[in-house]
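Visitor: here is a sequence with its predicted model. Questions after.
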Amino acid sequence: MLFQSRIEHYWIDAENWIGRTIGRYEVDRVLGVGGMGVVLAARDTTIDRFVAIKVLHAEFVDSPERLQRFYSEARAVGRLSHPNVL
């Protein structure tokens with residue numbers, strides 16, 4: 001039940017991203033929430049393209065291990081090339 005409560009808490013926090021701007025990206029909606037972060041659907045205002053952005057939960061930004069895992073995942077996803085992948 002603790003895990004369920006944490007995920008519910010993360011969803012509430014995630015919804016605060018909707019309508020915000022992160023750099024050149026306007027956040028449209030929440031795509032998903034997990035134990036490590038939240039994935040947001042956003043529009044790149046420079047090239048008018050929809051993208052997915054993953055944001056690490058605030059409680060993990062001071063953890064070198066979590067940051068390393070986050071960057072490793074970002075590098076792996078960055079190598080993907082498929083029409084069904086944002």
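Guide: Here it is on my side, so go on.
Visitor: so who does the closest residue to A14 other than its chain neighbours touch?
Guide: Excluding the flanking residues, the one nearest A14 by C-beta to C-beta, 6 or more residues apart in numbering is V38, at 4.1 Å. Where C-beta positions appear, they are placed from N, C-alpha and C, glycine not excepted. Taking C-beta atoms under 8 Å, 6 or more residues apart in numbering, we find V38 in contact with Y10, D13, A14, W17, V30, G32, K54, V55, H57.
Visitor: please apply the same query to T46.
Guide: T46 makes contacts with R24, as judged by C-beta under 8 Å, 6+ apart.
Visitor: give me the phi and psi for it.
Guide: phi -70, psi -40 (degrees, to the nearest 10).
Visitor: where does the prediction get shaky in this structure?
Guide: 1-4, 86 (pLDDT under 70).
Visitor: quick one: the helices in it?
Guide: 2-15, 64-78 (DSSP state H).
Visitor: of all the residues in the first one, which ones are buried?
Guide: Applying a neighbour-count criterion of 16 or more other C-beta atoms under 10 Å, one finds Y10, A14 buried in helix 2-15.
Visitor: touching it from outside, list them.
Guide: Residues contacting helix 2-15 (C-beta under 8 Å, 6+ apart): V30, V33, G34, G35, V38, L40, H57, A58.
Visitor: tell me what the fifth one is bridged to.
Guide: Pointing back at V38 there. V38 forms beta bridges with V33, V55, as assigned by DSSP bridges.
Visitor: ok, now how distant is it from Y71?
Guide: V38 sits 17 Å away from Y71, going by C-beta to C-beta, to the nearest Å.
Visitor: go on, the last one?
Guide: Noted for A58: a distance of 17 Å to Y71, by C-beta to C-beta.
Visitor: just the first one next, same as before
Guide: Here the criterion is C-beta to C-beta. By it, V30 lies 22 Å from Y71.
Visitor: and the two? Which one has more around it.
Guide: When V30 and Y71 are compared for neighbours, V30 comes out ahead with 18 against 11, by other C-beta atoms under 10 Å.
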